[in-house]
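>>> Below are the sequence and a predicted model for it; my questions follow.
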Amino acid sequence: MGQDRNVDISEDEDKEALKGLSPVPLPPRNIHSHSQQLRATSSGTTTKRHHPGTRKHSLDDIPKPVLSDPFCYDSSSDDGEFCPRSCSPSNTTRSRGGSGEDFFVGAEDDQLMQFQPLPEFIGNGGGTGIFNFPTRSALHAGRPPCLELRPHPLRETQVGKFLRNIACTNTQLWAGQECGVRFWSFEDVYEAGCGLDGRVRRGDEDAAPFFESGNTSPTMCLIIDSANRLVWSGHKDGKIRSWKMDQHLDDANSHFKEGLSWQAHKGPVLSIVMSSFGDLWSGGENGVIRIWPWDAIEKSLSLSQEEKHMAALLVERSCIDLRSQVTVNGACSISSSDIKCLVADNVRARIWCAQPLSFSLWDARTKELLKVFNTEGQMENRADLSSVQPLDQPVEDEMKVKFVASSKKEKSGGFLQRSRNAIMGAADAVRRVATRGAGAFADDAKRTEALVLTIDGMTWSGCPNGLLVQWDGSGNRLQELNHHSSAVQCFCTFGTQIYVGYASGVIQVLDLEGKLISAWVAHSNPVLKMAVGNGYVFSLANHGGIRGWSIASPGPIDRIIRSEVASKEIEYTRRNSFRILVGTWNVGQGRASQDALKAWLGSTASDVGIIVVGLQEVEMGAGFLAMSAAKETVGLEGSAIGQWWLDNIGKALDEGTTFERMGSRQLAGLLISLWVRKNLRKHVGDVDAGAVPCGFGRAIGNKGGVGLRIRVLDRIMCFVNCHLAAHLEAVNRRNADFDHIFRNMSFGRSSNPAAVAGVATASHTIKGTNAASANTEEPKLDLAEADMVVFLGDFNYRLFGISYDEARDLVSQRSFDWLREKDQLRAEMQAGKVFQGMREALIVFPPTYKFARNQPGLGGYDSGEKKRIPAWCDRIIYRDNRSTPVSECNLDCPVVSSIIQYGACMDVIESDHKPVRCKFHVQVAHVDRSVRRQEFGKAVRSNEKVRSIIEQLRYVPETTVSTNTIRLQSQDTVILRITNKDVKEKAIFRIVCGGVCTVNEDEDESAYHSRGSYGFPRWLEVTPAAGIIIQDHFVDISVHHEEFHSLEEHFDGIPQNWWCEDTRDKEAMLSVNIQGSNATEIQSHQIIVQHCYSAKTVRIDSISNNSRKGQGGSVHRSDLRKLSGSSDAVDDFQDFEAVVRPRRIGQE
């Protein structure tokens, strides 16, 4: 406004007004713009050297700001009170970091934009409990140091490209995504990413170099076939595709192509697995399980690319549909619900099939159904039970709520009471309908989410309530454990350890008995999948980030790597600065002109990168509030008037050309929206919304809060628009409203229909690192975990102890220092009762409430019958990472903000409130995650202590096998003994078939060829094929020949040529792979197994029974003897019922 705003204040009054305030000095920053640095370098001027290989991470320049305008009272433009603008150069320092990319956004090319931060009032009570400041550091202190193979990408960059599963080979990590597959080579995992100027898609700028396929249907599942150097993937379009592991691609932008593919299911392929005999099993919707015999796949793989159609047809004709085989007279023995996962039990040659509420156990060799049982372990013999049972009673149509006329007695309560009853009744009816509709799925707490087989032959399943259930190999339920309340998402195993990934982002490490070894928060999102390779356990988060955790973690290696990487902090620290404009306005159910919106927002937006706008009372009334509550219940929000405001604010901000709207959230009359300048857009994302109602029993949104959470330069910022309880005397209610909002604001809408109108609290992650803390530590709130939190809105705090006339006189005299002493909010903050530890700039603008509409100037204050005392109801309050009044911006305190403008637009007359705005200058310290990954790699590769620990993981116990040659006749069984001679270390063994060949009549052998995943030929049974041998003990393995007649060809599961007897001699090469209990190195014993057909039975029988030496030391069952010093058989296998039985697996 044109009036003079200079106020004469005595020295004593200055001191009193500044009591409790903390001056905020100019944050340390680079004094040059980017263009200045470039010119200085080119002209020979000495500047800070760029780090070698630094990639582009800068923010684009934003035009010079307009700092004030004639429409607004503004703290930043005040000439004489408390915070005069300094025009003299400040002491500035170049911040740490090797990039030299610390840009003052908004500076002109030739001069530094000078500003003086405004003094701030800091509330008491911060730094404790839920108001503690989040801990930040160069490396997360609560988890082991990790290899960030693919750092957290912004969600908005991943639409149509999200990663959904991972799998590891010996040399690569493969990932299935919504548009195909990709892989990383382990030799490149420590290399730098391509940066923003690279040719990779957004979201992958910091990822290690990778290669990806051409576009396909979304990938649903992945498995590794190391024997044939293939990766198999199941897709949403129902196809199964193969990919060669050994792709030779020099150009990262060239896409590799699929190999063999065929139509496996009509719907998506939900799970695939290779059996012990090399057959490919796939599961789909409606309980469909199909087998694709390896013989047909092998023939198809041998065909040329030109015969691709023929190859697919050959596999499709070989299909065996298991569901049809166990269906008799229309009654099926297994559930019709979707297949959740398939797991191969290679110890007993079985296949586990998990559906949400049941399991089926299959013989991998005969394809027979062995057992069907539910999640409680009870046997099920039923005819196709539906996975969702109908309710006992139909859901009432309570959506058709009628507002019945109240009785005379009810009417005595007045209009407000009747309106409240009507609103609460409508909301309650909607709540009951939504909750009852979800009742059909209420029994899903113990449904199966994940399944894994451990090396001791046990199977573990995980449930949505965090329950872990252990099963033996026959499907008997042994025990259940619960170490965490969040939903189990995935498992993986390495040696004798079980890794569990949860929806909370937590990873736990268990032993084979289920005891908790360690736990940490691995991601901020659910852990979707895990895979082991190259000495790491890789975890894939829901947001698409991939991290690798050393198999030696947690342990001494973590301390060493943490110290090494932290010492290089200066190399990967980057700083950027930008400005945020926050505006709040109670619009009183009115609408604003474009001139008003431009005066409020547009006139001061020229130098800002992010704009957040909060409105209150966009729309009110009993009918609207009831409808809003109903829409919230079913996951809907917004209104036509809310959309009008969004569109018109966008026009004032030049939306589409300069700014882009990235998010909004409406709860009844509350609306918050976010705009981002286009050249800052690539750094901003992961926009989430939340809402907490506080009105009418914490159920209706006439009072409450709506919020947005964003990620900027990998830092979390939250903005919450509030409308708190009204009336002068309701101070405690306002305090309680804030506390309720702070505790219950959860970003990301709940999928639980019972979470009515935003009442549901956050699904908080558990941050414990051990069994004791995993279930007892206080959960972290979404707002408490943010780096910067801004509260804006109509807080409704009034002036106390002052009359209307006195307040008017002080306003007219601009004696704001006296008015501030009567401010309820300031008093409550000073007492630590509300906005604990938060900051507000000193207010030097007139109270913004209450005015007569359409009446300009300060004469517009309410002069009616009520004569409401003017008050600063409309406020903007914040906190950043600073735990002390003055802190340097670094990785320990990554967000440091200062207010450079805080004012009210007094000439806007469309409402009884005046709009308020606040401009922040924000400095952000963040990590160049590509450079930090390189430093991590240097620590792993060059540090002698780390190398020593890794070398210890290569230790393999000394073992022997009783023979290297086994000769079998038909139905014969030979015992192979594996002995662990080590007295300190357990030995883990896995037996696979490296290849199979046939012997012709002239005794010539054909070349060895491998079946899928080193599967055994059907004529050979090896039991157990995997397990543990404790120190100084042995285990006996049954090697059995089983008669098998090959099925030459199928068409839709029906044999075209009847059973054909194979009379050729055969030979298999077995590999007994040995490793330590948690070792990365493998040593192998090679064993040749020969089988001669009946024509040679006499000769072989003679050798087999009369000449043990001819068998190379192998022994039969009748001749078993214990090793000297080993008095007992191996305990790990005492439950294996088929260890030495000569009969077929599955016979009960």
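Great, that's in hand. Numbering: from 1, shown residues only.
>>> Any idea which helix or strand in the chain has the lowest mean pLDDT?
Of all helical and strand segments in the chain, the minimum by mean pLDDT, DSSP states H and E falls on helix 34-42, at a mean of 33.
>>> How is this protein divided into domains?
Here the domain parsing of the chain from the TED database is 259-380, 449-552, 555-572+929-953, 575-748+781-927, 959-1045+1064-1091.
>>> N165: which of the ones you listed is closest?
Closest approach to N165 among the domains of the chain (CB to CB): domain 449-552, 4.9 Å. C-beta: built from backbone N, CA, C; applies to glycine.
>>> distance between the ends of the closest one?
Start-to-end span of domain 449-552 (CA to CA, to the nearest Å) is 27 Å.
>>> any idea where the strands of the stretch 251-400 of the chain begin and end?
Listed in chain order, the strands of the stretch 251-400 of the chain (DSSP state E, counting those that start in this stretch) span 261-263, 271-274, 280-283, 289-292, 320-321, 327-328, 331-332, 341-345, 350-355, 358-363, 369-374.
>>> my read: E935 touches S563, true?
No: E935 is not in contact with S563 according to CB atoms under 8 Å; the separation is 11.8 Å.
>>> Next, the buried residues of stretch 926-939.
Using 16 or more other CB atoms under 10 Å as the test for burial, stretch 926-939 gives 926-937, 939.
>>> Show only the entries of these found in helices.
Among those, the ones falling in helices (DSSP state H) are 929-937, 939.
>>> surely G193 meets R201?
No: the pair formed by G193 and R201 falls short of the contact definition of CB under 8 Å, at 11.9 Å.
>>> higher neighbour count, the two?
More crowded of G193 and R201, by other CB atoms under 10 Å: G193, with 23 against 15.
>>> what stretches of the stretch 101-250 of the chain score poorly on pLDDT?
101-114, 196-198, 250 (pLDDT under 70).
>>> all strands of it, in order?
Using DSSP E, counting those that start in this stretch, strands in the stretch 101-250 of the chain cover 120-122, 147-150, 163-168, 172-177, 180-185, 211-212, 219-225, 230-235, 239-244.
>>> Okay, now the sheet partners of the first one, with direction.
It refers to strand 120-122. Strand 120-122 has the following sheet partners, assigned by DSSP bridges: strand 21-22 (antiparallel), strand 839-841 (antiparallel).
>>> Output stretch 861-869 in CSV with nothing but the alpha carbons.
Only the C-alpha atoms of stretch 861-869 are listed here, as CSV (Å, rounded to 0.1, in the frame of the first residue of the first chain):
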residue,chain,number,x,y,z
TYR,A,861,-12.5,-4.5,9.8
ASP,A,862,-15.7,-6.0,11.2
SER,A,863,-17.8,-3.2,12.7
GLY,A,864,-21.1,-5.1,12.9
GLU,A,865,-22.9,-6.3,16.0
LYS,A,866,-20.3,-8.9,17.0
LYS,A,867,-17.3,-6.6,16.4
ARG,A,868,-14.8,-9.5,16.2
ILE,A,869,-11.4,-8.4,17.4
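>>> Quick one: distance of that stretch to the chain centre.
Averaging C-alpha positions (CA atoms, centre = their mean, to the nearest Å) puts stretch 861-869 53 Å from its chain's average.
>>> Can you give the contact residues for it?
Under the contact criterion CB atoms under 8 Å, 6 or more residues apart in numbering, stretch 861-869 has outside partners 728, 798-799, 802-804, 807-808, 811, 847, 849-852, 870, 912.
>>> on that earlier part again, mean pLDDT for the strands paired with strand 120-122: which is lowest?
Of all the strands paired with strand 120-122, mean pLDDT reaches its minimum on strand 21-22 (a mean of 40).
>>> Residue ranges in the chain under the pLDDT threshold?
Using pLDDT under 70, the flagged stretches of the chain are 1-114, 196-198, 250-253, 381-443, 633-635, 749-779, 1000-1006, 1044-1063, 1094-1148.
>>> most centrally placed residue in it?
Residue closest to the average C-alpha location in the chain (CA atoms, centre = their mean): N525, at 2.2 Å.
>>> hang on, it packs against H543?
Yes: taking CB under 8 Å as the definition, N525 is a contact partner of H543 at 4.6 Å.
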